[in-house]
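>>> I'd like to go over a predicted model; first the sequence, then the structure.
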Protein chains: 2
Amino acid sequence: MKIAVVAPARSISQAGAARVAAFAALYYPQVDIHFDPQSFLEAGHFAGPDALRAESFLRAANDPGVDAVWFARGGYGSNRILAEVMPRLAPAAQAKTYMGFSDMGFLLGALYARRIGRPVHGPMASNVSERSGGVPVGRALGWLVDQDRRVLEPTLGGQPAAAFNLVILCSLIGTPWMPDLTDHILYIEEVGEAYYRIDRLLFQLANATQLKGIAGVRLGSVTDVPAGDTEAEFGETLDMMMTRWCREMGVPYLGRARIGHDADNMVVPFGVA
Amino acid sequence: MKIAVVAPARSISQAGAARVAAFAALYYPQVDIHFDPQSFLEAGHFAGPDALRAESFLRAANDPGVDAVWFARGGYGSNRILAEVMPRLAPAAQAKTYMGFSDMGFLLGALYARRIGRPVHGPMASNVSERSGGVPVGRALGWLVDQDRRVLEPTLGGQPAAAFNLVILCSLIGTPWMPDLTDHILYIEEVGEAYYRIDRLLFQLANATQLKGIAGVRLGSVTDVPAGDTEAEFGETLDMMMTRWCREMGVPYLGRARIGHDADNMVVPFGVA
């Protein structure tokens, strides 16, 4: 099995890649993980210029020898290559899995909108750290290599699902890149946003014409909220906000879920897992 | 002439209101400026609970004796009263001007979408400070009281225009609150956002189906960019970003404009001024 790692947004370090490669060599010796050299480039905010990130993604997606495209890291930037890459995906792009989260939601969403491949919300090839050890990376490989159902978000049932970072999902609203999520359970998570911003994003979610028809919403972790606008200062809890906006949307708020920017980020394949 | 001040988002101070009242008494003695007591309330992030802010706005908008509703301050929160207030606007709401900017773009946009009254992007009743003195407030009153064309954004011509804070405009995308801006010159400004966030917002603007058909875009001031993601660190200038996304949108980037979160915030009436 061959997994290609590319970085459509920000870059990863050689040291981080080496840690992931070592982990994989130990637990998944049969798997060939190829880190595209583009993943290590830096150009301003990005892992190389837009054109290069687009080529790197297309090379992996269109290679019939690659079974899965595993995104290296989020940050910001995968939206900037959508217009270039989406029309150029070849038949080989259909037959593979694409895994990542955060900013990668732009690509996962656009792929799902066009029914290309199997987009999966899950840990990335940079999610290896002192604190989390190999847990998230092991979980990602557990799905990519073995389709191990123990790594799935535990509330996933027979219903179709999709998972997004809230800011990224809201950035897709009103654009042709947004997938049709009718009858889906929508999983959202957030990182680094003040409560008033989360509330504003939920307003857009609740009022989005494109999202009428979703079956329900679950909230993952909300981490790294900046000082100065916590629950107490904002005056409402996350559950109050979720309840309010789901009511305005006319869909059930189904409670919390184990996805997000932490080591507990479980796997959510788009559609029916 | 009677001007009603209400605060659909955050509150203002009694001291600030007193400064504005003193300025108005000096230069516009014929004008009765009424600060709704709701403007001074505080409930968590907001100038009172949603229901109270909604009632305060409706009382001013539906009062046949009020000529203009002048918003007190932005922050966050006017989106939370849209569903309550918009269906309850009476015929008297048609005959008046509504002025504000920033978070007030939610109300201005929703009013313009329904062709209710005359929404105007301009300084608010809290825009009086040591640094700016009475200049922004004088400009606002210059338009509200005298329709003084010298306070208008200088590039306004015979074409319809609309002005928004970029985050607020993007929060309206994909929702029924977004006005039809076909053939309009769109003025945008931003405050307190990192460059990668501004770029992400411009992506959504450029890809928004609802905004196809606008005549062009102008950029106002971009202020208070947080440390750590300036032009240099992001790797692109504002003009590069504007040029890129306007090209992707297929509309001309018309250059800079004098609107924004600073003392130079000129007046942009929605539609043809």
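In hand now; what should we look at?
>>> Residue in the stretch 51-200 of chain A with the shortest distance to chain B?
Nearest to chain B in the stretch 51-200 of chain A, going by CB to the nearest CB, is residue A:174, at a distance of 2.9 Å. Every C-beta, even on glycine, is put in place using the N, C-alpha and C of the backbone.
>>> What's the local residue count around that residue?
A count of neighbours around residue A:174, defined by other CB atoms under 10 Å in any protein chain shown, yields 25.
>>> what do you get for residue A:230?
11.
>>> Do I have it right that it meets residue A:195?
Yes: contact criterion CB atoms under 8 Å: residue A:230 and residue A:195 qualify, at 6.5 Å.
>>> what residues does chain A put near chain B?
A:43-46, A:75-77, A:79-80, A:83, A:167, A:170-178, A:195-197, A:199-201, A:203-204, A:207-210, A:229, A:233-236, A:248 (CB under 8 Å from any CB of the partner chain).
>>> 7 Å instead, please
A:43-45, A:76, A:79, A:83, A:171, A:173-177, A:196, A:200, A:203-204, A:207-210, A:234-236, A:248 (CB under 7 Å from any CB of the partner chain).
>>> Skipping its backbone neighbours, what lies nearest the residue of the stretch 51-200 of chain A closest to chain B in space?
Leaving aside its chain neighbours, residue A:174 sits nearest to residue B:174 (2.9 Å; criterion: CB to CB, 6 or more residues apart in numbering or on different chains).
>>> Residue A:139 too?
Per CB to CB, 6+ apart, closest to residue A:139 is residue A:151, 4.4 Å.
>>> got a list of what that neighbour touches?
If you count contacts by CB atoms under 7 Å, 6 or more residues apart in numbering or on different chains, residue A:151 has them with A:139, A:142, A:143, A:266, A:267.
>>> and the second one, that one's in a strand?
Pointing back at residue A:142 there. No: when classified by DSSP: H, G, I helix; E, B strand; the rest coil, residue A:142 is found to be helix rather than part of a strand.
>>> ok, the host helix or strand of residue A:120: who's next to it in the sheet?
Using DSSP states H and E, residue A:120 sits within strand A:118-121. On the basis of DSSP bridges, the sheet neighbours of strand A:118-121 come out as strand A:97-100 (parallel), strand A:268-269 (antiparallel).
>>> Can you tell me how far the residue nearest to residue A:139 is from residue A:234?
Per CB to CB, to the nearest Å, residue A:151 is found 34 Å from residue A:234.
>>> these two touch, right, the residue of the stretch 51-200 of chain A closest to chain B and residue B:172?
No: contact criterion CB atoms under 7 Å: residue A:174 and residue B:172 do not qualify, at 8.7 Å.
>>> low pLDDT regions in the stretch 101-250 of chain A?
For the stretch 101-250 of chain A, the stretches flagged by pLDDT under 70 are A:130.
>>> So what's the residue count around the residue of it found nearest chain B?
Closest approach between the stretch 101-250 of chain A and chain B, counting by CB to the nearest CB: residue A:235, at 1.7 Å. Using other CB under 10 Å, residue A:235 has 15 other residues around it.
>>> how about the nearest residue to it, chain neighbours excluded?
Nearest to residue A:235 is residue B:44, by CB to CB, 6+ apart, at 1.7 Å.
>>> wait, what's in contact with the one you found?
Residues near residue B:44 by CB under 7 Å, 6+ apart: A:234, A:235, A:236.
>>> A strand includes the last one, no?
No: secondary structure assignment (three-state DSSP) places residue A:236 in coil, not in a strand.
>>> Could you report the neighbour count for it?
19.
>>> check contacts around residue A:255.
residue A:218.
>>> quick one: secondary structure of it?
Residue A:255 - assigned by three-state DSSP - is strand.
>>> Roughly how far does it sit from residue A:216?
Residue A:255 is 9 Å from residue A:216, by CB to CB.
>>> Spell out which residues are contacts of both of those two.
Going by CB under 7 Å, 6+ apart, no residue sits against residue A:255 while also sitting against residue A:216.
>>> so what's the residue nearest the centre of chain A up against?
By CA atoms, centre = their mean, chain A has its centre lying nearest to residue A:101, at 1.7 Å. Going by CB under 7 Å, 6+ apart, residue A:101 touches A:74, A:121, A:122, A:124, A:165, A:265.
>>> Go again with 10 Å.
A:71, A:74, A:108, A:120-124, A:127, A:163-165, A:168, A:189, A:220, A:259-261, A:265, A:267-268 (CB atoms under 10 Å, 6 or more residues apart in numbering or on different chains).
>>> Among those, which lie within helices?
A:108, A:168 (DSSP state H).
>>> Do a quick rundown of the helices in the stretch 51-200 of chain A.
A:82-85, A:105-113, A:135-146, A:166-172, A:195-207 (DSSP state H, counting those that start in this stretch).
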